[in-house]
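[1] Task: produce atomic coordinates for the following.
(2 chains)
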Amino acid sequence: QKEVEQNSGPLSVPEGAIASLNCTYSDRGSQSFFWYRQYSGKSPELIMSIYSNGDKEDGRFTAQLNKASQYVSLLIRDSQPSDSATYLCAVRGTGGFKTIFGAGTRLFVKA
Amino acid sequence: SAVISQKPSRDICQRGTSLTIQCQVDSQVTMMFWYRQQPGQSLTLIATANQGSEATYESGFVIDKFPISRPNLTFSTLTVSNMSPEDSSIYLCSVGAGTNYGYTFGSGTRLTVV
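    Model (predicted):
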């Protein structure tokens, strides 16, 4: 079982729609959860972090965490073509900095 | 967040040779991390570079193949030694502000071994 699992996609949504990206993780002791966006040929950039169960909103982005289900999601509202990228889910366990990345979900937003 | 300068941005190397990748951070950081990203895949942690002590390597990565230096709190190097085509990948350094913070990544080094 992979430690952090994501659907590879591609996920295709029309411009203006909500894109929903999902991630599950295996380490029940994980404490910190991150979403990164990676454009083709570029390095990942952090877009959201979440540590507690529930929702966290930042602009058009909402991260959702359910530790009981070991599930993290990212919602992108009013999707734009510029949101087209690979989104990486990342999970950090207790007692350290080590972060495990999922394989990423490719998102295409069609104009 | 920290700004990282990573060099070189890309290189094409002959098999059997070595390449050293440098990362310079604009602020002092306790830990730096080296990742590898093979084409179409996610990031795999190679090692954690600690200032003043040996790097901590992940399973599947050894010091003889990927020696790391961390001479101070703003700089680290990763060497890919005795390269083979299987080492062709993107290598990324990263830093984090703390346990509850995400990482900032360098711009990456795209390595091709021929």
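[2] Farthest from the middle of chain B: give me that residue.
    Distance from the centre of chain B peaks at B:N100, with 21.5 Å (C-alpha atoms, centre = their mean).
[3] Please enumerate the strands of chain A.
    A:4-5, A:11-14, A:19-25, A:32-38, A:45-50, A:54-58, A:61-66, A:71-76, A:85-92, A:99-101, A:105-110 (DSSP state E).
[4] that's a strand at the residue farthest from the centre of chain B, yeah?
    No - judged by DSSP: H, G, I helix; E, B strand; the rest coil, B:N100 forms no part of a strand; its state is coil.
[5] Tell me how far B:Q37 lies from A:A103.
    Distance, B:Q37 to A:A103, by C-beta to C-beta, to the nearest Å: 11 Å. Any C-beta I mention is one placed from the backbone N, CA and C, and that applies to glycine too.
[6] Compare neighbour counts for those two and give me the winner.
    Using other C-beta atoms under 10 Å in any protein chain shown as the criterion, B:Q37 and A:A103 rank with B:Q37 on top: 22 against 18.
[7] Verify the contact between that one and B:S88 for me.
    No - contact criterion C-beta atoms under 8 Å: B:Q37 and B:S88 do not qualify, at 11.3 Å.
[8] which bits of chain A sit near chain B?
    Neighbours of chain B within chain A, by C-beta under 8 Å from any C-beta of the partner chain: A:31-32, A:34, A:36, A:42-46, A:49, A:51, A:88, A:90, A:92, A:96-104.
[9] Give me the buried entries from those residues.
    Neighbour counting by 16 or more other C-beta atoms under 10 Å in any protein chain shown classes A:31-32, A:34, A:36, A:43-46, A:49, A:88, A:90, A:92, A:97, A:99-104 among the residues of chain A next to chain B as buried.
[10] starting at the chain centroid, how far to the helix or strand bottoming out on mean pLDDT in chain A?
    Sorting the helices and strands of chain A by mean pLDDT, DSSP states H and E puts strand A:99-101 at the bottom, at a mean of 91. In terms of C-alpha atoms, centre = their mean, to the nearest Å, the centre of strand A:99-101 is found 12 Å from the chain centre.
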